[in-house]
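[1] Predicted model and sequence follow; I will ask about them next.
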Amino acid sequence: MTKNYHHGDLREALIAETLDMLRKDEVALIGFRELARRLDVSRTAPYRHFESVEHLLAVVAADGYEKFLEALEAVTEDATLSTKDRFLELGVAYVNFALENPAHYRLMFDPRFFQDERFQEVKQLSSKSFGHLKQTAAACLPLDATDEEKNHMANLAWASVHGMSRLFIDGQWQRVSKRKSYIRESCRKLLPILP
């Protein structure tokens, strides 16, 4: 028997079920037929809310970026932090978000969203999150720093925290003990790259 979803409920249920499948590492199973089966609705029901599975995944990725931005903004809006402390805490917040939300994090950086013009919202949210990193890094540089220098510093910091996040998520750093202190100390070691 089909569940009686009210208007809007099925859309949220599809998003929640997709995220649950991502968390369970069932990426290969994600499709409208399987989602419809799990939610006990007709096979065509998901199409009333999403044009394609890719569009559904893009919405889930965008939701991840919204949460990611909240975590970053909690740091960038903290007026009690010095510029270098903000740089440090932003790195810690970045890696902690990734490790607390690995399924979302993996999806957020899926190349298809950056290679396909249909997914502008994901690109804009990604750019906004990078903007926090660029602003924070730029605040640590001399006032006469060029845009190229600001971009280079932000990219270097991003490569460091993104690489660290993926190494943890993908299991290469399983033997690291005291993970939280390791993350903080690793981000602290990025500070000497600043002038």
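    Looks like it arrived, so ask away.

[2] What separation is there between the residue nearest the centre of the chain and residue 52?
    Residue closest to the mean C-alpha point of the chain, counted by C-alpha atoms, centre = their mean, is residue 105 at 4.1 Å. Going from residue 105 to residue 52 by C-beta to C-beta, to the nearest Å gives 22 Å. C-beta coordinates here come from the backbone N, C-alpha and C atoms, glycine included.

[3] Provide the secondary structure category for the closest residue to residue 29 other than its chain neighbours.
    Once flanking residues are discounted, residue 29 sits nearest to residue 21: 6.2 Å by C-beta to C-beta, 6 or more residues apart in numbering. Following DSSP: H, G, I helix; E, B strand; the rest coil, we place residue 21 in the helix state.

[4] same deal with residue 125?
    Under three-state DSSP, the three-state class of residue 125 is helix.

[5] before we move on, what about the one 4 residues further on?
    Put simply, residue 129 is helix when judged by three-state DSSP.

[6] hey, where'd the helices end up in the protein?
    9-23, 32-39, 53-76, 83-100, 102-108, 112-115, 120-139, 147-169, 179-188 (DSSP state H).

[7] Determine which of those approaches residue 47 most closely.
    Distance to residue 47, taken as C-beta to C-beta, is lowest for helix 32-39 among the helices of the chain, at 6.8 Å.

[8] ok, now which ones touch the nearest residue to residue 104 once chain neighbours are set aside?
    Spatial nearest neighbour of residue 104, excluding adjacent residues (C-beta to C-beta, 6+ apart): residue 64 at 3.5 Å. Going by C-beta atoms under 8 Å, 6 or more residues apart in numbering, residue 64 touches 101, 104, 105, 107, 108.

[9] can you pull the contacts of the residue nearest to the centre of the chain?
    Per C-beta under 8 Å, 6+ apart, neighbours of residue 105: 64, 68, 97, 98, 165, 169.

[10] can the helices of the chain go into a markdown table with extra columns for mean pLDDT and distance to residue 194?
    Below are the helices of the chain laid out as a markdown table (pLDDT from 0 to 100; distance: least, C-beta to C-beta, whole Å):
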| stretch | mean pLDDT | distance to residue 194 |
| --- | --- | --- |
| helix 9-23 | 93 | 36 |
| helix 32-39 | 94 | 46 |
| helix 53-76 | 96 | 16 |
| helix 83-100 | 96 | 6 |
| helix 102-108 | 94 | 26 |
| helix 112-115 | 92 | 28 |
| helix 120-139 | 94 | 8 |
| helix 147-169 | 93 | 8 |
| helix 179-188 | 94 | 12 |
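
[11] and residue 195, which of these is closest to it?
    helix 147-169 (9.3 Å).

[12] which helices and strands does that closest one pack with?
    Helix 147-169 sits against helix 83-100, helix 102-108, helix 120-139, helix 179-188, with contacts defined as 3 or more C-beta pairs under 8 Å, 6 or more residues apart in numbering; DSSP states H and E.
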